[in-house]
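Asks: Quick one, what's the 3D model for this:
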Amino acid sequence: MTNKYLSWTLFTLLLVILLVAASLLSLTIGEASISLTDIPSLLQQKESMEYFILTQIRLPRIVLAFAVGGALSLAGAILQGIFRNPLVEPYTLGISGGAALGVAFVIVLGFHLSIGMFMLPLAGFAGAMTTILIVGVLGFLRGGTDINKMLLIGVMISFVASSA
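Replies: Below you'll find the predicted structure:
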């Protein structure tokens, strides 16, 4: 084994250990303090309040944190792979600006008051998707894809969205 491979393996192992430690710590910390040593016995007591807290609040929160972290890292890797640029991010492409513009549009028009609490995330998603669509369509105009043109269009849309 080379020294570089060994250091990468140790670094990955350290990160996995930190992830497990943070997950276990997340199981114990909260309004109702639960000891780490009590968790196996509490999981047998299906009628207790601690069982409910562990299985309905804390464990789903840990699973959701894994899922969201994985989805965000996958989205970043996809963007960097498509644009062949390790520095590309949603702010550079105008995606974040489009999401903010969608939310601002809904707030100004007052749709969030009548439709409900899910309107703001949906508006952010719709604004981000609209921005991606605009960048993609303008990037494909006049034949082929030009990565630099798409990046410039994304920056331009980001400036327009943040000024609105």
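
Asks: could you say which helix or strand contains the spatially most central residue of the chain?
Replies: If you average the C-alpha coordinates of the chain and look for the closest C-alpha using Cα atoms, centre = their mean, you land on residue 72, 3.8 Å from that point. In this assignment (DSSP states H and E), residue 72 forms part of helix 59-83.

Asks: which residues sit against that helix?
Replies: Among residues not part of helix 59-83, those counted as contacts by Cβ atoms under 8 Å, 6 or more residues apart in numbering are 23, 26, 27, 86, 88, 89, 90, 93, 147, 150, 151. Placement of C-beta: from N, CA and C, glycine included.

Asks: hey, C-alpha coordinates of the lowest-mean-pLDDT helix or strand in the chain in PDB?
Replies: Per-element confidence for the chain was summarised using mean pLDDT, DSSP states H and E. The lowest value among helices and strands belongs to helix 111-115, with a mean of 79. Provided in PDB are the C-alpha atoms of helix 111-115 (Å, rounded to 0.1, in the frame of the first residue of the first chain):
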ATOM      1  CA  PHE A 111     -50.300  33.000  -2.000                       C
ATOM      2  CA  HIS A 112     -48.600  31.500   1.000                       C
ATOM      3  CA  LEU A 113     -51.400  32.800   3.300                       C
ATOM      4  CA  SER A 114     -54.200  31.100   1.500                       C
ATOM      5  CA  ILE A 115     -52.600  27.900   0.300                       C
END
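
Asks: one step back: and the contacts of helix 59-83, which are buried?
Replies: Applying a neighbour-count criterion of 16 or more other Cβ atoms under 10 Å, the buried members of the contacts of helix 59-83 are 23, 27, 88, 90, 93, 150, 151.

Asks: which of those residues lies closest to residue 57?
Replies: The shortest separation between residue 57 and any of these is 10.1 Å, and it belongs to residue 27 (by Cβ to Cβ).

Asks: where does the protein dip in pLDDT?
Replies: Along the chain, segments meeting pLDDT under 70 span 1.

Asks: That one - how does it break down into domains?
Replies: Following automatic domain parsing, one finds the domains of the chain at 1-84, 89-164.

Asks: Could you identify which of those is most buried?
Replies: Neighbour counts averaged per stretch over the domains of the chain are highest for domain 89-164, at a mean of 16; criterion: mean count of other Cβ atoms under 10 Å.

Asks: so how far is it off the chain centroid?
Replies: On the basis of Cα atoms, centre = their mean, to the nearest Å, domain 89-164 sits 16 Å off its chain's mean C-alpha point.

Asks: Same check on stretch 70-83?
Replies: For stretch 70-83, the separation from the chain centroid amounts to 11 Å (computed by Cα atoms, centre = their mean).
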